[in-house]
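1. give me the fold of what follows.
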Amino acid sequence: MELLFVTVIAAGIGLIVAESLRRRQSYGVLLLPAVDAMVTAAVWVLLVWLGWKFDATWIWVVSLVAGGVVAIVLAIVLPRMRAHADERLMQRLLAGRA
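-> Here you go, the predicted model:
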């Protein structure tokens, strides 16, 4: 049950990250919440397998922070990658016209 709670909280954190950062038009509105929830759930399950107790504070902190950090990094990297890919495509299309 705690896995469900932490996943929903992570999706909320991902939504806050998505709405807080600029250039969010470069990715879908649900991408960051989905990635945040996925990473948080994966970290949670890994920590449980490693023997961490699901009712301890640190499993919550580590899982939610890991997902949030990945969402923030993705929110910073994706717009740059998108701009670069768009520029390459534009150059390729313009070169094909000449």
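
2. pretty sure Ile9 is touching Leu64, no?
-> Yes. Counting by CB atoms under 8 Å, Leu64 is a contact partner of Ile9 at 6.5 Å. To be clear about C-beta, it is placed using only N, CA and C from the backbone, and glycine gets the same treatment.

3. in what helix or strand does the nearest residue to Leu21 once chain neighbours are set aside lie?
-> Distance criterion CB to CB, 6 or more residues apart in numbering; nearest residue to Leu21, sequence neighbours excluded, is Ala75 at 4.7 Å. Ala75 is part of helix 57-97 when elements are defined by DSSP states H and E.

4. packing partners of that helix?
-> If you count contacts as 3 or more CB pairs under 8 Å, 6 or more residues apart in numbering; DSSP states H and E, helix 57-97 packs onto helix 2-20, helix 31-49.

5. most tightly surrounded among those helices?
-> Comparing the helices and strands packed on helix 57-97 by mean neighbour count (mean count of other CB atoms under 10 Å), helix 31-49 ranks first with a mean of 20.
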